[in-house]
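>>> Here is the input, now give the coordinates:
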Amino acid sequence: MSRWTHLLCEHCYDDLEPGRLPVRVFEAPHEPSGEPTRKCCRCPALTRSGIYYRADPERFPCRGEGEVHS
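Just a heads-up that it's a prediction; the model follows:
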């Protein structure tokens with residue numbers, strides 16, 4: 001994944017985009033239980049949200065590095 005594409009938990013997405021419904025991306029099988037649990041790029045929560053958010057890596061604690069970005 002790009003340094004500019006971040007995995008977000010539901011809470012962080014709602015904080016960044018209040019009132020908007022996210023588009024979720026899932027790997028097969030196409031349901032949250034099939035998605036691996038990974039750390040949100042913005043907070044320490046573990047998530048299977050499938051929500052990916054494009055933003056400058058300097059705005060997030062992950063800095064565009066780590067498991068989601070490799």
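>>> Tell me how far the nearest residue to R24 once chain neighbours are set aside lies from E58.
In space, R24 comes closest to G50 once its chain neighbours are excluded; the distance is 3.7 Å by CB to CB, 6 or more residues apart in numbering. C-beta coordinates here come from the backbone N, C-alpha and C atoms, glycine included. Per CB to CB, to the nearest Å, G50 is found 24 Å from E58.
>>> Which residue of the two possesses the greater neighbour count?
G50 (18 against 8; other CB atoms under 10 Å).
>>> Look at the more buried one and report its pLDDT.
G50 carries a pLDDT value of 91.
>>> Quick check: phi and psi on it?
phi 70, psi 10 (degrees, to the nearest 10).
>>> pLDDT below threshold where in this protein?
27-35 (pLDDT under 70).
>>> Mind jotting down where the strands sit in it?
5-8, 38-39, 46-47, 51-54 (DSSP state E).
>>> possible to save the ones you listed as JSON lines with distance to H69 and mean neighbour count?
Shown next, in JSON lines, are these (distance: least, CB to CB, whole Å; neighbours: other CB atoms under 10 Å):
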{"stretch": "strand 5-8", "distance to H69": "8", "mean neighbour count": "24"}
{"stretch": "strand 38-39", "distance to H69": "11", "mean neighbour count": "16"}
{"stretch": "strand 46-47", "distance to H69": "15", "mean neighbour count": "16"}
{"stretch": "strand 51-54", "distance to H69": "11", "mean neighbour count": "16"}
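>>> so which of the ones you listed gets nearest V68?
Closest to V68 of those is strand 5-8 (CB to CB; 4.6 Å).
>>> Can you name the residues that contact C40?
Residues near C40 by CB atoms under 8 Å, 6 or more residues apart in numbering: L7, L8, C9, C12, L46, T47, S49.
>>> So it versus S70, what's the distance?
Taking CB to CB, one finds C40 at 16 Å from S70.
>>> same thing with C62?
11 Å.
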